[in-house]
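Q: Sequence first, predicted model second:
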Amino acid sequence: MWRFVVGRLLQAIPVILAVITVTFFLVRIAPGGPFDSEKAVIPEVKAALEAQYRLDLPLGQQYLAYLGDLAQGELGPSFKYPGRSVNELIAAGLPATAELGAYALLVAVVLGGLAGVVASLKPNSAQDYIPMSVAMIGICMPTFLLGPLLVLLFGIHLEWLPVAGWGDIPGDKILPSLTLGAAYAAYIARLSRAGMLEVMSQDYIRTARAKGLPEWQVVTRHALRGGLIPVVAFLGPAFAGLLAGSFVVETIFQIPGLGRFYVQAAFNRDYTMILGTTVFLSTLIVLFNLLSDILAAWLNPRLRAQYGEA
Amino acid sequence: MPLLSVRDLQVDFTTRNGRVTAVNRIGFDVEAGKITAIIGESGSGKSVACYSLLGLLPVPPASIESGSAVFDGRDLLQLSERELRQIRGRDIAMIFQDPMTCLNPYMTVGNQLMEPLLYHRKVTRQQARARALELLAEVGLRDPESTIDQYPHQFSGGMRQRVMIAMALINEPKLLIADEPTTALDVTIQAQILGLIAELQRKRDIGVIFISHDLSVVADIADEIVVMEKGHVVERGDRQAIFEAAEHPYTRKLLAAIPAGSKAPGELPRDDLIQVRNLCTWFSQGRGSEPLRAVDDVSFTVQRGEVLGLVGESGSGKSTIGRSLLRLVPVTRGEVLFDGTDVTSLQGAALKQMRRRMQMIFQDPYASLNPRMSVYDTLAEPLLLHGIESRKTVEQGVLRLMDDVGLARAFVRKYPHEFSGGQRQRIAIGRALATRPEFVVADEPVSALDVTIQAQILELMLELGREYGLTMLFVSHDLAVVRHIADRILVLYKGRVVEQGTGDALFNSPREEYTRQLLQAIPGRGLL
């Protein structure tokens, strides 16, 4: 098992390095720089600023210097928020984003898993078509449409929930979590339905029925585990996607999270901030993918044995 | 009074093409303490009949139209699902065909084994576990204490079937329904499982329904035999009556399908088409472990026009030899001379040229045909690839092949799922013959087929062999089948040739102990 984990972590290093390199040069190819503005800046001031942030060095040297800092865990100073480092900014934005992501994932797994399993038990009936149609709409509907719609209905029309904020008023975390989690819930519903249908047609389900077990025990004891393995394998990419994709929801609901810093950084050509966030998020993505792979393997005795030996 | 008495049972299926009657007003009895065999081809309704008794058919599409099934004084067909569940797994238990897929891969064997006991009886987990261990020992598992917490994939097919049997018997049922319990197993393992079922049945004095497509399988164990064809019971009787004085033509057809006798020795030119010298095919088992010696220093020759049979159980290396000859697996050492050329070192165009002359027919016609290619595509591909037919003439070539293998020309645009197993194997044979090969390796070509279909396919292969002047390597675990088709037989054990000779020589005077064991394992030996 450990060899598998260490091997996967080692494989991640070149991936992350490639992400850093591509991002580093891409942001610099983009027109404009961090200290361009509509007002003319005195050339001496601009030169001093660029020297301070090492922007006067040749590109290759800037790249090497950045990698050197990164090796020490240092993501560098932000260009737009003077006096604050990228590490601090990420640390400030991460809690809200992580919390939002976690709730959204919970929404996705519980709602999606339930809908998928329920639909799979009576395929091609109303019990199947209704949740699956809702799921299809969920997949098609973008968050920037779903968010305002939910706000309109529950916030303004029914006045049940706050329209914005994060941790200020009780209940203000519900709508953002729902908005962010909806598309993933829909996808998980489809995954779990397909997984369960596949498992329910297996011979060993017939064996379980022949033992006289009631149908709910056949489902919970014999089918769920195998049927939900695809969902587990999707959890890693899903959580990473939730973290990286939270920008729209954070903007709609005025949440002080990482996503807003990230997008702001891109507009501002805040090179270090863009790079820092990208590196941080891609590392998380790699880690979560690894985690869900391990979990999925652990749920399957056959794979468990394979990785155990490898 | 019989233990189970089925009367007037009719089961229909609603399909896209309308209603189909799968079981048509049948009746039979099962006595306590006796084994009743239900025999018939795929689609004869034998499994459907038994599943319907236990409420194991999906409703819809299935529906039970009429009938009664009185078991222990109660009509199973009138019980509610809840009442039926009380009987299922407690009074009536089942064993299924494929032990590889019938056990839950995500649960330990022990947990699956204890489940029926824990559900139906008031016992503690400790008591259930103790009982499970006893039963595992009784069905012949070595070291139950350590295997009970393993997962199914750690067991061989025969061992899994033993676990299935233990699971079925753990509640001491009064009736055991065994649905083709040995069809997926090797001949030697089949003999063990048949013996085990008969022994446990005698010991417990329970009733058994044994479903099979193969009369010879039940020849030694059945007391009563019910023969089904197309949803009807066409004949019923005790074993002796069926085997010695069958009246219905279908029963006689089933009896005739049992491969018996040897191929008549033909005149063969003494001309070796294939010479295999010291062939070794080893598979790496990862760093640090010894390689698996699937084929270990095997030498033999195949004469032009000869059918050479390769016999052995799973893991004997018989399939690997066939694949090595065709270079479908890399050969570790040794020579394979095909018409004087060593094929083990051929590359590129020369190898492609050689492959045209050597073809393979695989075991499972369900898996070896591409489901997205029609018969036309499947047969046209090799014809075009090897330049045997041009774009203009390929259609005629395909139709000729279909004639040869006995498929109606009208089926040319159909896809594999629209065919039965036997028809699919005909397609596979046609594909192999498309390149007009001189040599064909047939790897268990009939072991996935019903016994009657098996007889037809064997006939077809013998006929095409003569017509095409084929030399054939016929790989099978079933000695009776090989004896029927092969001129000479090699017996393999653990990657080595242990004995060779003509079918009659092996059957009448086997020299090696292992050959004797294989012969012992053939069900219904008395019939041969």
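A: Everything's here; your move.

Q: and the nearest residue to A:M200 once chain neighbours are set aside, how far is that from A:S201?
A: Nearest residue to A:M200, sequence neighbours excluded (CB to CB, 6 or more residues apart in numbering or on different chains): A:A223, at 5.6 Å. (C-beta placed from N, C-alpha, C; glycine too.) Distance from A:A223 to A:S201, counting by CB to CB, to the nearest Å: 10 Å.

Q: Which one's more surrounded, these two?
A: Set A:A223 next to A:S201 and count neighbours by other CB atoms under 10 Å in any protein chain shown: A:A223 wins out with 27 against 10.

Q: OK, contacts around that one?
A: A:M196, A:V199, A:M200, A:I205 (CB atoms under 8 Å, 6 or more residues apart in numbering or on different chains).

Q: what number of residues lie near the third one?
A: If I follow you right, that is A:M200. 18.

Q: From B:P510, how far off is it?
A: As for A:M200, its distance to B:P510 is 48 Å (criterion: CB to CB).

Q: ok, now the second one?
A: When distances are taken as CB to CB, A:V199 and B:P510 turn out to be 46 Å apart.

Q: for B:T281, helix, strand, or coil?
A: The local conformation at B:T281, judged by DSSP: H, G, I helix; E, B strand; the rest coil, is strand.

Q: What parts of the stretch 151-300 of chain B come near chain A?
A: B:Y151, B:H153, B:Q154, B:M164, B:M167, B:G286 (CB under 8 Å from any CB of the partner chain).

Q: which one of these is nearest chain A?
A: Checking those against chain A by CB to the nearest CB gives B:Y151 as the nearest, at 4.1 Å.

Q: so that closest one touches B:P105, yeah?
A: Yes - B:Y151 lies in contact with B:P105 (CB atoms under 8 Å); the separation is 6.6 Å.

Q: More neighbours: the two, which one.
A: Neighbours per residue (other CB under 10 Å) separate B:Y151 from B:P105, with B:Y151 holding more: 20 against 16.

Q: Figure out the helix or strand that residue 67 lives in.
A: If you meant another chain, say so; for now it's chain A. Assessed by DSSP states H and E, A:L67 sits inside helix A:59-71.

Q: Actually, chain B is the one I wanted.
A: Using DSSP H and E, B:G67 falls in strand B:62-71.

Q: if we can go back for a sec, check which element follows the helix holding A:L67 along the chain.
A: Next along from helix A:59-71, by DSSP H and E: helix A:86-107.

Q: what residues do B:Y151 and B:P105 have in common as contacts?
A: Common contact partners of B:Y151 and B:P105 (CB under 8 Å, 6+ apart): A:P301, A:R302.

Q: low-confidence ranges in the chain?
A: Using chain A here. Along chain A, segments meeting pLDDT under 70 span A:1, A:37-39, A:305-310.

Q: try chain B instead
A: In chain B (pLDDT under 70), the answer is B:264-269, B:286-288, B:526-528.

Q: Next to chain A, which bits of it? Give me the list.
A: B:54, B:56, B:85-90, B:93-94, B:96, B:98, B:101-107, B:115-116, B:119-120, B:151, B:153-154, B:164, B:167, B:286.

Q: Mind checking which of the residues you listed are buried?
A: Buried members of the residues of chain B next to chain A, counted by 16 or more other CB atoms under 10 Å in any protein chain shown: B:54, B:56, B:85, B:87-90, B:93-94, B:96, B:98, B:101-107, B:115-116, B:119-120, B:151, B:164, B:167.

Q: residues near the closest residue to chain A within the stretch 351-500 of chain B, how many?
A: At 15.0 Å from chain A, B:Y366 is the closest residue in the stretch 351-500 of chain B, using CB to the nearest CB. For B:Y366, the neighbour count with other CB under 10 Å is 14.

Q: now do B:Q425
A: Residues near B:Q425, counting by other CB under 10 Å, number 31.

Q: what do you get for B:K352?
A: Residues lying near B:K352 (other CB under 10 Å) number 12.

Q: Could you find the closest non-adjacent residue to it?
A: Leaving aside its chain neighbours, B:K352 sits nearest to B:H386 (8.0 Å; criterion: CB to CB, 6+ apart).

Q: Next, see if the helix or strand encompassing A:V134 gets close to chain B.
A: Assigned by DSSP H and E, A:V134 belongs to helix A:126-140. No - judged by CB under 8 Å from any CB, helix A:126-140 and chain B are separated, with a smallest distance of 15.0 Å.

Q: Packing partners of that helix?
A: helix A:113-121, helix A:174-200 (3 or more CB pairs under 8 Å, 6 or more residues apart in numbering or on different chains; DSSP states H and E).

Q: Now do the contacts for the residue nearest to B:Q190 when sequence neighbours are not counted.
A: The spatially closest residue to B:Q190, leaving aside those adjacent along the chain, is B:T182, at 4.0 Å (CB to CB, 6+ apart). Residues near B:T182 by CB under 8 Å, 6+ apart: B:Q161, B:I189, B:Q190, B:I193, B:L194, B:S212, B:V217.

Q: Quick one: which of these is the most crowded by neighbours?
A: Ranked by neighbours (other CB under 10 Å), the contacts of B:T182 are led by B:Q161, which has 31 neighbours.

Q: Torsion angles phi and psi at it?
A: phi -70, psi -30 (degrees, to the nearest 10).

Q: Pretty sure B:I193 is one of the things it touches, is it not?
A: Yes - counting by CB under 8 Å, B:Q161 does reach B:I193; the two are 5.4 Å apart.

Q: Pull up the overlap in contacts between the two.
A: B:P181, B:T182, B:L185.

Q: Redo those as TSV? Include distance to B:R323 and secondary structure.
A: Formatted as TSV, the shared contacts of B:Q161 and B:I193 follow (distance: CB to CB, whole Å; DSSP: H, G, I helix; E, B strand; the rest coil):
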residue	distance to B:R323	secondary structure
B:P181	30	coil
B:T182	26	coil
B:L185	22	coil
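
Q: Please render these as JSON lines that adds distance to A:L59 to the earlier fields.
A: As requested, those are exported to JSON lines (distance: CB to CB, whole Å):
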{"residue": "B:P181", "distance to A:L59": "73"}
{"residue": "B:T182", "distance to A:L59": "73"}
{"residue": "B:L185", "distance to A:L59": "69"}
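
Q: what's the closest of those to chain A?
A: B:P181 (12.7 Å).

Q: What is the burial count for the closest one?
A: Using other CB under 10 Å, B:P181 has 29 neighbouring residues.

Q: before we move on, what about B:Q423?
A: Neighbours around B:Q423, by other CB under 10 Å: 20.

Q: Kindly report the same for A:P14.
A: A:P14 has 9 nearby residues by other CB under 10 Å.

Q: What of the one 10 residues further on?
A: As a burial measure, A:F24 scores 19 neighbours (other CB under 10 Å).

Q: do the same with A:T220
A: The burial count for A:T220: 12, using other CB under 10 Å.

Q: ok, now B:G334?
A: Other residues lying near B:G334 total 18 when counted by other CB under 10 Å.

Q: how close does it get to chain A?
A: As for B:G334, its distance to chain A is 31 Å (criterion: CB to the nearest CB, to the nearest Å).
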